[in-house]
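The following block contains a protein sequence and its predicted model.
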Amino acid sequence: MFPETVDILNALVLMTNFVFVPALAYGSQLALGALGVTLVFGILRFANFSHGDLMAFGTTMVILGTWALQANGINAGPLPTALIAFVPAIIVTAIAAIVIDRTVFTFYRKRRSAPVVLVIASVGVMFMLSAIVRFIMGTDDRRFTDGERFLISARDFREMTGLDEGLAIQTTQALTVVVAIVTVTILFIFLRRSRTGKAMRAYSDNEDLALLSGINPDRVVLITWIIAATLATIAGALYGLDKGFRPFTYLQLLLPIFAAAIVGGIGQPIGAVVGGYIVAFSEVMLTYAYKRFLGHLLPENLAPDGLVQLLGTDYKFAVSFIILVVVLLIRPTGIFRGAVIK
Amino acid sequence: MTDATIDRAPPTQAEETETPVHAIVERRTSPWRAPIAFAFMGAALIATGMFQSPAVALTILNMSLVSALMAMGLNLQWGYAGLFNAGVMGFAALGGVSVVIVSHPPVMEAWSVGGRGLGLSLLIVLAIVATIVFLRSATRGRLRSFLIFATVVAGYFALRPVFGGAVGAIESVDPARTGFIGGLGLPVVFSWLAGGVVAAAVAWIIGKVALGLRTDYLAIATLGISEIVVFVLKNEDWLARGVKNVTGLPRPVPYEIELQQEAWFADLVERVYAGPLAAISDPAARESAKSQFITEFSGYFVDIAYAGLFTIVLLIILALCVRALNSPWGRMMRAIRDNEEAAAAMGKDVTRRHLQTFILGSAIIGIAGAMMTTLDGQFTPGTYNPLRFTFLIWVMVIVGGSGNNLGAVLGGFLIWFTWVQAEPAGSFIVAQITANMDPTTDLYQHLQDIAAPFRLFVMGFVLLVFLRFSPKGILPEKVRHS
């Protein structure tokens, strides 16, 4: 009556292939995006609606860089060429973010306008950035990944292990997770150890006290934008490598990113990371059809007829908002006791 | 707005000149400002009619009337009460689906195969809600959380087979043409009212959940909820066919074909086109010209009829909003907006007033959404996107003048006009740039594609410029000092 070991292994491989790996990659992308939103909120104290389009802008720069490198015959071997293009793209995006801050946000910050005015201004920036991205890239689908497609392909895995189920890990998925871990580690060491990072955390906790201690607010804001632009470029480009680049998806991505930041506790970097994975795993797990998974584990006469899917795949994006609403109702500060947006 | 300054440093002398969006207007604006602005808008529409075509001008006019109504709804929420509703799209879509529910003839076959299942599903949902309401009052603490959670899970598994079966049966009824339950088959004008009611009901639920939160949270929550509303409408095919769209919705105005047969309409055309007709001497040529004019004018007549209906709705709601704003209620709303703590200390129930305004504003947006779907004659959930349906309405309110109803109307007209005309303007600019270029190059091909997003650029630019240099908008809020 009990399932055999091979069935359990098959079920585990199936879950890893269709739930764990995709959710881990998607969660890493969300975590990086949510980190940017949460940093801007912590330091500049407004919800930046233009972050999604900043990600699209950064990705555009990565794509342009990739094309330029490919045209000159440079590539990164088995890895996507885009990895080399990250560096110039981050520089350009950071400059763009600083220019936007100087031309738009600085004015309201100096006047100490209400945060909501900054939110409306970020809507204006969102419009203009999304237009600029479409000016450069058009509105079509763009795939810009190259190099090896798979780290392990389903067939190799099956031949290697002799199991029925295959496990495929795409290079972009593995790359996403590795880059995310490296980026987050560097960011956390920076925030914990460096003088500037400590200054940023102090500024975020208590602005007046930080100013009295001689922290230069302009420098803090500048560094924040550079980090936010870096994170946006990396998150956007990883998402684009994984799922293809379409300008309008980045506005849709804004919603799960906000959800991740709020679920984790807005203003808390660690919360943004955890929130990203929570949102991603919930989305994938709630919309996954468990028919085959249960088919492996249950005896044949109990095997389910339906798809055993909790929610239609179309409701993927809705899941993050159900989480958001539940968190708002039960614990508005999020998991890590972030600031309540006032 | 004061909360914002509490958790930041107290402003120094130099910084006290801050002008938030809702600053009290000390400097008087000319009483001629509104008439001049509207005259300018009218002239722009007439110029469109003369230089482009009357059809374009009438289309812009009708959508401007709808946009003005949406802007008025949002103005009620933002301008009166300072509530950041980023879910305009959701309420407009709810208004749109109301048109299908009210005016589409019912699909009897679908009801006969799935009606029982739907009814049973409704009963199950009501039972779940009733149980939760009961548990909320009868139990407390961890037990309560656990029991509510258990009810939801059990209810889900009870609902799933019943509802799934009904939906499957309904969607398989002639899926190419219907595959949904249809509506009530009532005259379409009722659906405008229904759109308002549905939007108000949903706003009540959302408001209960989200209004305790302050501005940014409310914005994110409403943005998310509006996405969910549109996702549901896109995917619940049994309700309104989802992305397969419902076309051929009934109209409140006559059809062009019918008009062309009517004798009185021919007389009307003769009178309207008296000049051009008199200029043609040959009787045969005059007859053929007349029949051409009849075809042409029937289209205009339909648009004008819509414009007439929309104007009536707009004027009624405008009158109500203006009265509300100038009444003691409006004064209370402004007091709450400008200083919540002080108003609460004076005994005003801030949360209730916020909920009330949120519901009223959403109802207006729902009515406008229903009108828009009626004008299109079809319900297409795939076309709702937040840039066009939420943030564009925001630009209208900010540019027009938040807190001023006429400002919202003007913003609706001006921004819709700009939104429509920005695309031809973009094409024109591209044509100028590429005039001397080789049409076979990639750059030329690429430049042809940038005309469409040009309107996004213009909108962002207009919003930022107004927010910075004229944050009170074209027609600022009027504040009377007694």
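Noted; the coordinates are in hand.

Go ahead and confirm A:G52 touches A:F248.
No. Judged on C-beta atoms under 8 Å, A:G52 makes no contact with A:F248 at a distance of 9.9 Å. To be clear about C-beta, it is placed using only N, CA and C from the backbone, and glycine gets the same treatment.

For the chain, which residues score under the pLDDT cut-off?
You didn't pick a chain, so chain A it is. Applying pLDDT under 70 to chain A flags the ranges A:1-3, A:302-306, A:313-314, A:329, A:338-342.

Wait, chain B was what I had in mind.
B:1-28, B:214, B:480-482.

Run through the neighbouring helices and strands of the top helix by length along it.
Using DSSP state H to define each element, chain B has its longest helix at helix B:283-326. Secondary-structure packing of helix B:283-326 (3 or more C-beta pairs under 8 Å, 6 or more residues apart in numbering or on different chains; DSSP states H and E): helix B:54-75, helix B:256-261, helix B:263-272, helix B:274-278, helix B:350-376, helix B:405-433.

what angle sits between that helix and helix B:263-272?
90 degrees (axes from the mean of the first three to the mean of the last three C-alpha atoms, to 10 degrees).

Excluding residues flanking it in the chain, which one is nearest A:I169?
A:L151 (4.4 Å; C-beta to C-beta, 6 or more residues apart in numbering or on different chains).

which one of the helices and strands packed on helix B:283-326 lies closest to chain A?
helix B:405-433 (9.8 Å; C-beta to the nearest C-beta).

all helices of the stretch 101-250 of chain A, in order?
A:106-110, A:115-137, A:154-161, A:171-193, A:195-205, A:207-212, A:217-243, A:249-264 (DSSP state H, counting those that start in this stretch).

picking that back up, the longest helix of chain B vs helix B:405-433, what angle?
Here helix B:283-326 points in a direction 130 degrees away from that of helix B:405-433 (the same axes, to 10 degrees).

Show me how far helix B:283-326 is from its chain's centre.
With C-alpha atoms, centre = their mean, to the nearest Å as the basis, helix B:283-326 stands 20 Å off its chain's centre.

Over to stretch A:8-19?
Counting by C-alpha atoms, centre = their mean, stretch A:8-19 comes out at 24 Å from the chain centroid.

Likewise for stretch B:365-378?
8 Å.

Buried residues, that stretch. List them.
Residues of stretch B:365-378 classed as buried: B:I365, B:G366, B:I367, B:A368, B:G369, B:A370, B:M371, B:M372, B:T373, B:T374, B:L375, B:Q378 (neighbour count, 16 or more other C-beta atoms under 10 Å in any protein chain shown).

residues contacting the residue of chain A found nearest chain B?
As assessed by C-beta to the nearest C-beta, chain B sits closest to A:F127 within chain A, at 3.0 Å. Listed by C-beta atoms under 8 Å, 6 or more residues apart in numbering or on different chains, the contact set of A:F127 reads B:L387, B:F391, B:L456, B:F457, B:M459, B:G460, B:L463.

rerun at 10 Å
A:49-50, A:53, B:387, B:391-392, B:395, B:453, B:455-464 (C-beta atoms under 10 Å, 6 or more residues apart in numbering or on different chains).

now swap in A:E159 and tell me
A:S153, A:G166.

what's the burial count for A:I270?
For A:I270, the count of nearby residues is 17 (other C-beta atoms under 10 Å in any protein chain shown).

same deal with A:R111?
Other residues close to A:R111 by other C-beta under 10 Å number 15.

From A:V221, how far out is it?
15 Å (C-beta to C-beta, to the nearest Å).

Next secondary structure after the longest helix of chain B?
Once the chain leaves helix B:283-326, the next helix or strand it forms, by DSSP states H and E, is helix B:328-338.

Tell me how far the most far-flung residue of chain B relative to its centre lies from chain A.
Relative to the centre of chain B, and counting by C-alpha atoms, centre = their mean, the farthest-placed residue is B:D282 at 50.0 Å. As judged by C-beta to the nearest C-beta, to the nearest Å, B:D282 and chain A stand 52 Å apart.

which residues does that residue contact?
B:S288, B:A289.

Phi, psi for it please.
Taking degrees, to the nearest 10, you get phi -70, psi 120 for the backbone angles of B:D282.

part of a helix, is A:A47?
No. Looking at A:A47 with DSSP: H, G, I helix; E, B strand; the rest coil, it is coil, so not inside a helix.

and the nearest residue to it once chain neighbours are set aside, helix, strand or coil?
Take A:A47 and drop its neighbours on the chain: the residue closest to it by C-beta to C-beta, 6+ apart is B:D216, 4.1 Å away. Under three-state DSSP, B:D216 falls in the helix class.

Can you tell me the number of residues neighbouring B:D216?
26.

Please apply the same query to B:S172.
12.

Relative to chain A, how far out is it?
Distance from B:S172 to chain A, by C-beta to the nearest C-beta: 16 Å.

residues touching that residue, list them.
B:A110, B:V113, B:G114, B:G179.

again with B:Y156
A:L310, B:I124, B:I128, B:F163.

pretty sure the first one contacts A:E283?
No. With contacts counted by C-beta atoms under 10 Å, A:L310 stays clear of A:E283, the gap being 11.3 Å.

picking that back up, list the residues that contact the residue nearest to A:A47.
A:41, A:45-49, A:115-116, A:118-119, A:258, A:262, A:266, A:340-342, B:84, B:86.

Counting neighbours, which of those end up buried?
The buried subset of the contacts of B:D216 - by 16+ other C-beta under 10 Å - is A:41, A:45-49, A:115-116, A:118-119, A:258, A:262, A:266, A:340-341, B:84, B:86.

Nothing else from me, thank you.
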